[in-house]
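In: Mind folding the following:
(chains A and B)
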Amino acid sequence: MQPIVVPTINNNDTEAKLVAWSKTDGDLVRRGETIAILETTKASFELAAEAEGVLQTAAKIGDHCAFGSSIGTIFADAAERATVATAVPQAADGFVVTEPARALALKHGITDAQLAALGRRIVKTRDVEALVGDPAGGAGLSEAQRGIARVVSRSHAEIPVSFLVKRIAVDAALAALAEFSREAKVVAGLPDLLVWSIARLPAQFPFFFGELRDGLEFRASSAGHIGVTFDLGGGLFIPVIRDAAQKSLAQVARDLMSFRMKALRKTFKAEDLAAGDLSISLNFDADTVFVQPIILPPQTCMVSVGAVLTELALDADGRPVPRRYLNLGVAFDHRVINGGDANAFATAIKRAIEEPKL
Amino acid sequence: MDTRLRQLLARVFKVAPESLTPDSGPHTIPAWDSAAHMNLIIELEKEFSVQFSDDEVVDLVSIEAIAQRLAKS
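Out: Residues are numbered from 1 along each chain as shown, chains lettered A, B, ... in the order given. The predicted structure follows:
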């Protein structure tokens, strides 16, 4: 008996809407076969069977299913299905959830862990209603904005965040990027250099790249899957450059340009938005001094950059000269990362930008 | 160079039309950054009634490349 679990499709959402079942109850399914279509606020996602067997659905078309929740079961055979499928749904750790309560929990993205925390043997509708309270996203919000509301609410509720800002001079980087763009025939800018540079830091700063799961279990990732924010008027998207640690600066620049067009045209696919190890918030609009980003659970860090600004600085002879700079923000989960490490991380980024080695 | 293309590029990057050559690109036009590149793509699509694929967009980084792509439409 294999539960059909909704994976964490991306870090921009906490749940997905069940759009369709590709099979019906009692059908034989094969491992790897698409059995359901889910849709987040950003893209659709085909859910494949993780085992071969007989399908029994639980969630209904249109249900909003929390990441990590079960929406059905694949039984070993028809006999097992006949024995179990009609039983009252029961969570793994022993409590029973009534069907209406289960539907309400699914609708509001309430997880089994939250239900278990109630400490009740039987969870009823009113128990779930008490958990729902004032759901994030009031009347009039778009579905996409409701998804953002759920993520930022969870972030504020779960993550004790701390924040530091580091000033970074960018004249040398801008000059180097112009030369690099000419040679590589790409449009490479500061966002590309930031992604490329940060993706090379997991070995030195493992706790900034990965996932903090329940029970304070941290899983580091060295892949350098870097999420980048895009809001071009069509909503906020955080696509992820996969394996950025292995990519050239030119390839990162090409990937980011492709993402910009997808954000503009709203043509992202689910795989573009799959969970990253760390995210970067880009805020280059004129005169944006800095931005305090919101960490996307289960990540532990989010980096932000503001606009390129100009100041007067003193050259080697003590004469005032114009200098371009930006403010780099590092928001970090203080359960995992302390201020000294965050400062070292920001300093490493500063060095990579101020002394670019392209 | 096509007059419409030259005028469009001059407008997007706020440069004199006569300063543009087929070799012009991000390395010769300081305003040609990633944000401006997107604006350029949008304006090109409107002006010439074309739609570039995401893959094409990243390669249109010189006036010559843009002209060659438009010639295929």
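
In: Which helix or which strand is home to A:A144?
Out: Secondary structure from DSSP states H and E places A:A144 in helix A:143-158.

In: Put the alpha carbons of that helix into PDB.
Out: Output of helix A:143-158 as PDB, limited to C-alpha atoms (Å, rounded to 0.1, in the frame of the first residue of the first chain):
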ATOM      1  CA  GLU A 143      -5.200  32.700  -6.300                       C
ATOM      2  CA  ALA A 144      -1.500  33.500  -7.000                       C
ATOM      3  CA  GLN A 145      -1.500  36.100  -4.300                       C
ATOM      4  CA  ARG A 146      -3.200  33.700  -1.900                       C
ATOM      5  CA  GLY A 147      -0.300  31.300  -2.600                       C
ATOM      6  CA  ILE A 148       2.200  34.000  -1.800                       C
ATOM      7  CA  ALA A 149       0.200  34.900   1.400                       C
ATOM      8  CA  ARG A 150       0.500  31.300   2.600                       C
ATOM      9  CA  VAL A 151       4.200  31.100   2.000                       C
ATOM     10  CA  VAL A 152       5.100  34.400   3.700                       C
ATOM     11  CA  SER A 153       2.700  33.700   6.600                       C
ATOM     12  CA  ARG A 154       4.400  30.400   7.100                       C
ATOM     13  CA  SER A 155       7.800  32.000   6.900                       C
ATOM     14  CA  HIS A 156       6.900  34.600   9.500                       C
ATOM     15  CA  ALA A 157       5.400  32.000  11.800                       C
ATOM     16  CA  GLU A 158       8.200  29.500  11.600                       C
END
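
In: So which elements touch that helix?
Out: Using 3 or more C-beta pairs under 8 Å, 6 or more residues apart in numbering or on different chains; DSSP states H and E as the contact test, no helix or strand touches helix A:143-158. C-betas here are computed from N, CA, C, even on glycine.

In: what pairs with whichever helix or strand comes after it, and is each one parallel or antiparallel?
Out: Using DSSP H and E, the helix or strand that follows helix A:143-158 towards the C-terminus is strand A:161-169. Applying DSSP bridges, strand A:161-169 is found paired with strand A:320-333 (antiparallel).

In: Now do the helices in chain A.
Out: A:78-84, A:99-107, A:112-117, A:125-132, A:143-158, A:171-184, A:190-198, A:249-265, A:339-354 (DSSP state H).

In: Then chain B?
Out: B:3-13, B:34-48, B:54-59, B:63-72.

In: for the residue nearest to A:E355 when sequence neighbours are not counted, what are its contacts?
Out: Excluding the flanking residues, the one nearest A:E355 by C-beta to C-beta, 6 or more residues apart in numbering or on different chains is A:A172, at 7.0 Å. Each residue near A:A172 by C-beta atoms under 8 Å, 6 or more residues apart in numbering or on different chains is listed here: A:E354, A:E355, A:P356.
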